[in-house]
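**Student:** Would you be able to build a 3D model of this:
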Amino acid sequence: MKRAWIAGGLCLAMLGAGAADAQMGQRLRERMAERAEQRAQEQSGQKRAPGAQTISYGTDPLQVMDLWVPKGARNAPLVLYVHGGGWKRGSKDTAMGNALPGHLVGQGYAFASINYRLVPAASVEQQATDVAQALATVLAQAEKLGIDRGRVVITGHSAGAHLVALVGTDEQYLRKAGLSFADIDGVMPNDGAAYDVPKQMAQAGRFMSDTYKQAFGTDPARQKALSPTFHAAAPNAPRFLLLHVQREDGVAQANELASALTHGGSRVEVGSFPGKGLQGHAEINRKLGEPDYAATPVMDAWLKGVFGGVNLAER
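**Tutor:** Below is the predicted model of the structure:
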């Protein structure tokens, strides 16, 4: 009896140690992510493209965006960007490559980069609402800002890719902001991997499982409701460009979303680029907009196709 008690105690101790190790590993990953974000912020502060104006689109301190508009623009197409960060971190100041704003403004486009409320203080549903509200705020001032409200693309990286894909397939978020799919000409998700949330959660390793659970919970119905792939059979935004590097889950999720969107009637292109793991995932965000990066000319050609080109004399 005593031996059984000792053995049971040892098992409980080992289980407790395992749980403690898992928690310690999660805390370590969180600290690493925070340090990476801090380094990115320091670099961004030194290289941030000049000329942005900051606009609030709500009462929360995070409901703000930076907007760049080409000098003298009267009718510039708009590209609105949503940062990543696992739905719980990141900002417009840290989670975007330095090249993108200047590159797109140089093409004659207006460019907005938004902050949004973060998990756990806000839900993913509220984040998608923030994306739509940020867009509505810019479009309401389009004439004053020199923006063509009839030519709009939304884009985002990682968690931001999921959010723009969700807004581009589930119209309820746009409707809450007084908009519709008619107000969006294209959606460009960049290396997301949660377009089918239940499948992604089932396949997630320990590194991301807690992040997904925090964002999407454990209710299968809610997980499906937050999955762009499950909305893609219905009317959607008219055009999509799905960018991805060579992450197994990202490739599979992008291809499945592309197939569903095509069946739903949207025009879909997929851009596949070199890069593996987290390094490739970060690189496609950091380098997009650099002229010698492979994804940049693909993005440029797609935007010209969506916007029909820009007359620089009238921009």
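**Student:** make it CA atoms for all contacts and neighbour counts henceforth
**Tutor:** Will do.
**Student:** Please give me every residue in contact with the nearest residue to Arg267 once chain neighbours are set aside.
**Tutor:** Closest residue to Arg267 apart from its sequence neighbours, by C-alpha to C-alpha, 6 or more residues apart in numbering: Arg239 at 4.7 Å. Each residue near Arg239 by C-alpha atoms under 8 Å, 6 or more residues apart in numbering is listed here: 185-187, 266-268, 306.
**Student:** can we see that at 6 Å?
**Tutor:** Counting by C-alpha atoms under 6 Å, 6 or more residues apart in numbering, Arg239 touches 186, 266-268.
**Student:** likewise Ser266?
**Tutor:** Ser266 neighbours (C-alpha under 6 Å, 6+ apart): 238-239.
**Student:** switch to 8 Å and redo it
**Tutor:** 236-240.
**Student:** which one of the residues you listed is nearest Ala194?
**Tutor:** Phe240 (16.1 Å; C-alpha to C-alpha).
**Student:** before we move on, what SS does His281 have?
**Tutor:** helix (DSSP: H, G, I helix; E, B strand; the rest coil).
**Student:** gap between Gly280 and Leu288?
**Tutor:** Gly280 sits 12 Å away from Leu288, going by C-alpha to C-alpha, to the nearest Å.
**Student:** which of these two has more neighbours?
**Tutor:** With neighbours defined as other C-alpha atoms under 10 Å, Gly280 and Leu288 compare such that Leu288 has more, 22 against 18.
**Student:** could you list every residue that touches the more buried one?
**Tutor:** Contacts for Leu288 (C-alpha under 8 Å, 6+ apart) come out as 97, 99-100, 295-296.
**Student:** Can you tell me the element Ala260 falls in?
**Tutor:** Element membership of Ala260 [criterion: DSSP states H and E] is helix 248-263.
**Student:** how far is the very next helix or strand once past that helix from where the chain is centred?
**Tutor:** Scanning forward in sequence from helix 248-263 by DSSP H and E, the next helix or strand is strand 267-272. Distance, stretch centre to chain centre, for strand 267-272: 17 Å (C-alpha atoms, centre = their mean, to the nearest Å).
**Student:** Identify each buried residue in strand 267-272, please.
**Tutor:** Residues of strand 267-272 classed as buried by neighbour count (16 or more other C-alpha atoms under 10 Å): 268-272.
**Student:** Now, the contacts of Ser266 that are in strands?
**Tutor:** 239-240 (DSSP state E).
**Student:** Can I have the buried ones of the contacts of Ser266 as a ChimeraX selection?
**Tutor:** Buried residues within the contacts of Ser266, by 16+ other C-alpha under 10 Å, are selected in ChimeraX with:
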select :236,237,238,239,240
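**Student:** quick check, Val152 in a helix?
**Tutor:** No. Val152 is assigned strand when assessed by three-state DSSP, not a helix.
**Student:** and the gap between it and Gly90?
**Tutor:** Relative to Gly90, Val152 is positioned 24 Å away (C-alpha to C-alpha).
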